Structure formats: C-alpha cells, structure tokens
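Student: sequence first, predicted model second:
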Amino acid sequence: MANLKELRNRITSIGSTMKITSAMKMVSAAKLKKAQDAIVQMRPYASKLTEILQKASSTLDNSENAYGEVRDGNRVRMVVISSNRGLCGGFNSSVVKKAKSYMEAHPGEYTIATVGKKAHDAFKYDSRKVSSNIELWDNITFEGAKQEAQTLMDGFIAGEFDKVVILYNSFKNAAVQEPQAEQFLPIAMEEKLGGEPEDTTEYLYEPSMQEILADLIPTSLKTQFFAALLDANASEHGARMRRRCIRQQITRKSFRVTSNSNTIRPVKQRLPTKSSRLLVVLTPWKVKKSEKKFLDPRRRPRAFLCL
C-alpha cells in the first residue's frame, strides 16, 4: 500500500486533471455552439441554391453544362477532410476508414487530396496523394473554400479526372457524427433529387437562363464545398466535447475511488497499528485457587506502555 505522501500527491494530481478537463469541456461547448450556428444557418441557403440549380440545369445539355458531363473514365479525385489536432475521439480515424473502404468498394484510378493535418498524416506515404491543405482548416472562410473548390473545378474541366468525391463527417448532433461520401462533380441531378422534384415552381430568368447558370453553377459548387467544411468543423467540436465529457466522468470516478479508498480506509487501518504501539493489554493468567497464594504479586497482569 502506498504511503500517505504518495496518496496525497495522487489525489492532488487527479483533482488538477479534473479542473483541466472541466475547463476544456467549457471551451469545447462554446466552440461547438458557434460552429453549430454556422452550419445551421448555412444549410437552408445551400439546399435552396442546389434545388434551384438542379431544376434549372436539368434542361441543359452536357455541352451547355460542362460541370454535369458524365464521362466513361474511372479517374477519381478524392478529397478527405479531417482536423489538425487529435483528442476528438474517432473523428479523424472514422473518415480515414471511410475513404479506404470507399476505394475498395468502388475500384478506380484514385488521386487523393487532403484537407487537415490528420488526413495528411494518414496518407503521407500513399503514392496516390497529390495535394494537401492544412492551413484551410485553421481558418475556415468562404474565400479559402472557394479557392480549393475552384482548383477541383478547373481540374475537372481540364480532364485531369472524371469524378470528384468529398469525404467528411456530417454533423447530426453533439453525440453523433456520421462519415459520408458526397459526389461533388459531375453534378448528379437524379441522385440529389431522388426522381422528379415535387416543387413545380416556374422561374423567370433575366437576361437568359444560360447566362445566369454560367455564374450560378460555379457559385453553387463553391457553396457546397464550403458547407462540407462547416459540417466537418461542427462535427469535430461535437466529437471533441463528447470525448472530454467522457474523460471528465472517468476523472471524477477516479477521484472518488481514490479519495474513498486512499484517505478514509487507510486511516482506519492505521488506527489499530498506532494503538498497539501505545498500549498492550495482557490477558489474565488462569491459575488454580491453590496456587494463588504462591503467585508473585509482581507477575500479576498489567498494562505496559510500549514506545
């Protein structure tokens, strides 16, 4: 059993850890609230813009809509979005596993582009990795997302690859984040609409539908990429807060167990030891009545003080 000094140091260490995890949980909760508000405000705009784009571009031919051209090739550019730091549970490992399982389920000629340091480290030694962007995750803005999306769009138009797939964690709530693969290019109308659209609203275009879609389609794609980044950012903070809540519960449990077992119980165990050192009571001798008169008074049972 540890001595008293070691127990006190352990209790102090666990108490400090509990304070740190509590502070980290509060920071994660504040960041989660900010990221959640951003994605909640972004989703209606992105979904409505995509709906208008799908309805308007469904009447265009491949020659008029270069971003909707379906090609026969199997060259795929995969974009894997992760965070730059750990301590967020299975947030990073789940999206990496999703990327590897997707490549196994859909054979093709893959090239990998990563956003975030953890995805970069996961595919560091993979010969298929062609680019990495770590700085974008530290400061997620529409300008940064627009540049990354424009690179993908230019590569698709130039024929460097035939398909673009984005893998990221979709935010459901603070406890649930689901990794998903989303087709970025070409624009798959029927997959997103799920058949004929229920909305029968007719739109009037000025000056013309072709001129408007020439600017609307790139803007919608950049917005879609930006929404994926915000979704992954909210998922990271949700996973991080969940991880720290679990860590805080483990620390509190460890603190209670250590306090109960190493402070109260050892005191009770040490009491008999101290008492035995101070006072030793000898049991009376059992002698016959006939031998009592020969009993030396100096050998009667008595208490001795033991130092």
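Tutor: Sure, I can see it. Numbers count the residues shown, from 1 in each chain.

Student: now do the strands in this structure.
Tutor: Taking DSSP state E as the test, the strands found in the chain are 75-81, 109-115, 129-133, 163-171, 177-185, 279-281, 303-305.

Student: JSON lines for those, including distance to Glu69 and mean neighbour count?
Tutor: For glycine as for every other residue, the C-beta is placed from the backbone atoms N, C-alpha and C. JSON lines is the format used below for those (distance: least, Cβ to Cβ, whole Å; neighbours: other Cβ atoms under 10 Å):
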{"stretch": "strand 75-81", "distance to Glu69": "14", "mean neighbour count": "24"}
{"stretch": "strand 109-115", "distance to Glu69": "18", "mean neighbour count": "22"}
{"stretch": "strand 129-133", "distance to Glu69": "22", "mean neighbour count": "17"}
{"stretch": "strand 163-171", "distance to Glu69": "11", "mean neighbour count": "23"}
{"stretch": "strand 177-185", "distance to Glu69": "9", "mean neighbour count": "19"}
{"stretch": "strand 279-281", "distance to Glu69": "97", "mean neighbour count": "10"}
{"stretch": "strand 303-305", "distance to Glu69": "101", "mean neighbour count": "8"}
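
Student: how about those in JSON lines, adding mean pLDDT?
Tutor: JSON lines is the format used below for those (pLDDT from 0 to 100):
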{"stretch": "strand 75-81", "mean pLDDT": "95"}
{"stretch": "strand 109-115", "mean pLDDT": "95"}
{"stretch": "strand 129-133", "mean pLDDT": "90"}
{"stretch": "strand 163-171", "mean pLDDT": "93"}
{"stretch": "strand 177-185", "mean pLDDT": "91"}
{"stretch": "strand 279-281", "mean pLDDT": "44"}
{"stretch": "strand 303-305", "mean pLDDT": "44"}
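
Student: just send these back as CSV, with distance to His237 too.
Tutor: Putting the strands of the chain into CSV (distance: least, Cβ to Cβ, whole Å) gives the following:
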stretch, distance to His237
strand 75-81, 14
strand 109-115, 16
strand 129-133, 20
strand 163-171, 9
strand 177-185, 10
strand 279-281, 63
strand 303-305, 67
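
Student: relative to Leu49, which of the ones you listed is closest?
Tutor: Across the strands of the chain, Leu49 has its closest neighbour in strand 177-185 (14.8 Å, Cβ to Cβ).

Student: rewinding a little: out of the strands of the chain, which is closest to Glu6?
Tutor: Relative to Glu6, the nearest member of the strands of the chain by Cβ to Cβ is strand 279-281, separated by 29.1 Å.

Student: where does the prediction get shaky in the chain?
Tutor: Across the chain, the stretches falling below the confidence threshold (pLDDT under 70) are 1-2, 54, 56-64, 188-201, 243-307.

Student: which one's the longest helix in the chain?
Tutor: Identified as the longest helix of the chain according to DSSP state H is helix 4-57.

Student: ok now it, how far from the chain's centre?
Tutor: Per Cα atoms, centre = their mean, to the nearest Å, the displacement of helix 4-57 from the mean C-alpha position of its chain is 9 Å.

Student: could you pull out the helices for the stretch 151-300 of the chain?
Tutor: Assigned by DSSP state H, counting those that start in this stretch, the stretch 151-300 of the chain shows helices spanning 189-193, 209-259, 265-278, 289-292.

Student: flag every buried residue along stretch 155-163.
Tutor: Applying a neighbour-count criterion of 16 or more other Cβ atoms under 10 Å, one finds Gly155, Phe156, Phe161, Asp162, Lys163 buried in stretch 155-163.

Student: can you check stretch 82-100 too?
Tutor: Neighbour counts using 16+ other Cβ under 10 Å place Ser82, Ser83, Asn84, Cys88, Gly89, Phe91, Asn92, Ser94, Val95, Val96, Lys98, Ala99 of stretch 82-100 among the buried residues.

Student: farthest-apart pair in those, please.
Tutor: For those, the farthest-apart pair by Cβ to Cβ is Asn84 and Lys98; their separation is 18.7 Å.
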